[in-house]
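**Q** requesting a structural model of the entry that follows:
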Amino acid sequence: MCLLVVASPNSTPRKKDLECASCNNPHGFGFAVITPNGIVTGRGMSAKKVIKQFLEVRKEFPSSYAMFHARYATHGVKNEENCHPFKVKNSYDTYLAHNGILDINISAGDRRSDTRIFAEDTLPAMGGVTALDDDHVWAMVSKWSLGSKIVIFTLDPAAKETCYIVNEDAGHWDNEGMWWSNSTYKQATWSTSYFGLPSKASATALNDSGYSESAYLTECAHCLGIPELDANPYYCEMCFTCYDCDGMYQDTCMCWTPEKDRYAYSAKGRVSGYYNDSFGF
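**A** As a prediction, this is how the structure comes out:
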């Protein structure tokens, strides 16, 4: 579902956080940094190269806004052309990135992502970035994109701001001056003893990833609960938060796919408070 981070002036994301975000969202990477000479951007399919380039540019221009995006593809092909950020058509030096899924009709054969179509077609048709300075348009776009987050950088002299974050409250600011669209930049934490697992199991059954599937269980980044070994991989069965978009499963979550539907009954039963034999309550 992507990861989008905005660095406020004189702040820079940690390299290890960008690397973790890229591992969790591996389908393309990009950045934008506002400089005195314009907005410097870069995109590519190699996380290592794009992170290196981003940190080099950020080091040279630390006193402005910067953004980094790691893509998890939902629409459009996985290539450099669909990596964020995208130049907003017909707007002076304006770039846009997005985390989520936008309600955009994609024509058959159109290989662009929903975000790219929004940047190249939809927002320009609304009047470009300056349209967002109208409170009514801002409210309309915020409601239409509910569940998603959109970041726009611009040096358009007609715009009131240089950085716009639509649905900012759906993400979070950290103590270092970074706004994150979700928590997929966080390192996973592992447990070596849970539900009576013997501690000696931590030294056995290691797989190729270097941890024991029988002894190490990842925590949910939102409620810190530790899922069962056979828990579904799409949302936390304790707090119902979607692992991809941070939305409430079947409520504000925008990540439904037919594959995930086999978990729908369990989620609905738990959220609604109905008895569910598979969870024992």
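
**Q** contacts, neighbours, all on C-alpha from now
**A** Noted.

**Q** what is the neighbour count of residue 25?
**A** Neighbour count of residue 25, defined by other C-alpha atoms under 10 Å: 22.

**Q** can you tell me the average pLDDT over stretch 27-44?
**A** The average pLDDT within stretch 27-44 is 96.

**Q** what are the buried residues along it?
**A** Neighbour counts using 16 or more other C-alpha atoms under 10 Å place 27-35, 39-44 of stretch 27-44 among the buried residues.

**Q** biggest separation within these, which pair?
**A** 27 and 35 (26.9 Å; C-alpha to C-alpha).

**Q** quick one: find the helix or strand in the protein with the lowest mean pLDDT.
**A** strand 190-191 (a mean of 37; mean pLDDT, DSSP states H and E).

**Q** what about the strands in this structure?
**A** Applying DSSP state E to the chain gives strands spanning 3-7, 29-35, 38-44, 66-70, 86-87, 94-99, 149-154, 163-166, 172-173, 178-180, 190-191, 217-218.

**Q** convert the third one to CSV, retaining C-alpha atoms only.
**A** Translated: strand 38-44. Coordinates of each C-alpha in strand 38-44 appear next as CSV, following Å, rounded to 0.1, in the frame of the first residue of the first chain:
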residue,chain,number,x,y,z
GLY,A,38,13.7,24.1,-8.1
ILE,A,39,12.4,20.7,-7.0
VAL,A,40,15.0,18.0,-7.4
THR,A,41,13.5,14.5,-8.0
GLY,A,42,14.6,11.0,-8.6
ARG,A,43,12.9,7.7,-9.3
GLY,A,44,14.0,4.1,-9.9
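
**Q** remind me, longest helix of this structure?
**A** Counting by DSSP state H, the longest helix found in the chain is helix 47-60.

**Q** what is that one packed up against?
**A** helix 15-24, strand 29-35, strand 38-44 (3 or more C-alpha pairs under 8 Å, 6 or more residues apart in numbering; DSSP states H and E).

**Q** how about it: buried residues?
**A** Applying 16+ other C-alpha under 10 Å to helix 47-60 flags 47, 50, 51, 53, 54, 55, 57, 58 as buried.

**Q** quick check: the gap between the third one and residue 71.
**A** Think residue 51. Distance from residue 51 to residue 71, counting by C-alpha to C-alpha, to the nearest Å: 13 Å.

**Q** then the fourth one?
**A** Note on residue 53: its distance to residue 71, by C-alpha to C-alpha, is 17 Å.

**Q** same thing with the second one?
**A** With the distance defined as C-alpha to C-alpha, residue 50 ends up 12 Å from residue 71.

**Q** re earlier: ok, of the buried residues of stretch 27-44, which one's closest to residue 78?
**A** Minimum distance to residue 78 across the buried residues of stretch 27-44 is 6.0 Å, recorded for residue 27 (C-alpha to C-alpha).

**Q** point out where the stretch 101-250 of the chain drops to low pLDDT.
**A** Within the stretch 101-250 of the chain, the stretches with pLDDT under 70 are 188-233, 237-240, 243-250.

**Q** redo that, cut-off 50
**A** In the predicted model, the stretch 101-250 of the chain carries pLDDT under 50 at residues 189-217.

**Q** what's the burial count for the nearest residue to residue 242 once chain neighbours are set aside?
**A** Once flanking residues are discounted, residue 242 sits nearest to residue 235: 4.2 Å by C-alpha to C-alpha, 6 or more residues apart in numbering. Counted with other C-alpha under 10 Å, residues neighbouring residue 235 total 23.
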